[in-house]
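**Student:** Predicted structure and sequence below. I'll ask about it afterward.
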Amino acid sequence: MLDFIILGFHFFICFLISIAIWCGPKAVDLHSSNTGESKTEPDGLIFIGKEEDIMKSQRITAKINGREIVVFYHEGKFHALDSRCYHEGGPLCQGEIEDIDGQACIVCPWHKFKITLETGEGLYEGINPLEPSPAPKWQSKGVKQRIHKVTIDSGNVYVNPPDLSVSFDSDYFADKYKNGGELDMEE
């Protein structure tokens, strides 16, 4: 009988923890954020923020026509990607940047998927079973994450609007979270 009481108490505590997590903050912004709609310039570029501010914060989120992107400043370069991971929509703005075989990659905080900042390629560690002594090596899944061209002009950071004539896996979650959708980070 005591076992049932302990088991019941355990389930009750788990239930309370679940409720606390569910009712708690929906998103934790660990870095600077500018989730307001960005301003389009006459030349078609979209103003994201001041170069100095983004360099200090290392990353910033912005919206382009409702589509949320994240701009990273890493090792002297600016990189812009869709803010949601191509795999399951994890918030890349909360991920850590790692060096993988000489490539700067953002690691999705949800499932640890690795995406190159430069090209948007998804990387995985795999082996070639045909090799005599297969050892894990980093390999590309191909370009999965939409990247956005960054332009710096007079201390301002701009991105080009996305070319939607070409699709990427990350487009699904970019559209799902667009304009305050059900999965919006600012819930």
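**Tutor:** Ah, there it is. Numbers count the residues shown, from 1 in each chain.
**Student:** Next one: the residue nearest the centre of the chain from Ile127, what distance?
**Tutor:** Centroid-nearest residue in the chain: Leu92, 1.7 Å away (criterion: CA atoms, centre = their mean). Leu92 is 27 Å from Ile127, where distance means CB to CB, to the nearest Å. Yep, even glycine has a C-beta here, placed from its N, CA and C like the rest.
**Student:** can you list the weak-confidence ranges in the protein?
**Tutor:** 3-4, 7, 9-12, 14-38, 40, 42, 179-187 (pLDDT under 70).
**Student:** ranges for the strands of it?
**Tutor:** Listed in chain order, the strands of the chain (DSSP state E) span 39-40, 46-50, 59-64, 67-74, 77-82, 96-100, 103-107, 114-116, 121-126, 137-143, 147-148, 150-153, 156-159.
**Student:** Adding mean neighbour count as columns, could you present the ones you listed in CSV?
**Tutor:** Putting those into CSV (neighbours: other CB atoms under 10 Å) gives the following:
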stretch, mean neighbour count
strand 39-40, 12
strand 46-50, 19
strand 59-64, 22
strand 67-74, 22
strand 77-82, 22
strand 96-100, 12
strand 103-107, 20
strand 114-116, 23
strand 121-126, 16
strand 137-143, 14
strand 147-148, 22
strand 150-153, 14
strand 156-159, 22
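**Student:** out of the ones you listed, nearest to Val166?
**Tutor:** strand 137-143 (9.5 Å; CB to CB).
**Student:** Now do the closest one and strand 103-107, the angle between them.
**Tutor:** Here strand 137-143 points in a direction 70 degrees away from that of strand 103-107 (axes from the mean of the first three to the mean of the last three CA atoms, to 10 degrees).
**Student:** I'd like the distance from strand 137-143 to the chain centre, please.
**Tutor:** Chain-centre distance of strand 137-143: 18 Å, with CA atoms, centre = their mean, to the nearest Å.
**Student:** Go ahead and name everything in contact with it.
**Tutor:** For strand 137-143, contacts defined as CB atoms under 8 Å, 6 or more residues apart in numbering pick out 100-101, 119-128, 168.
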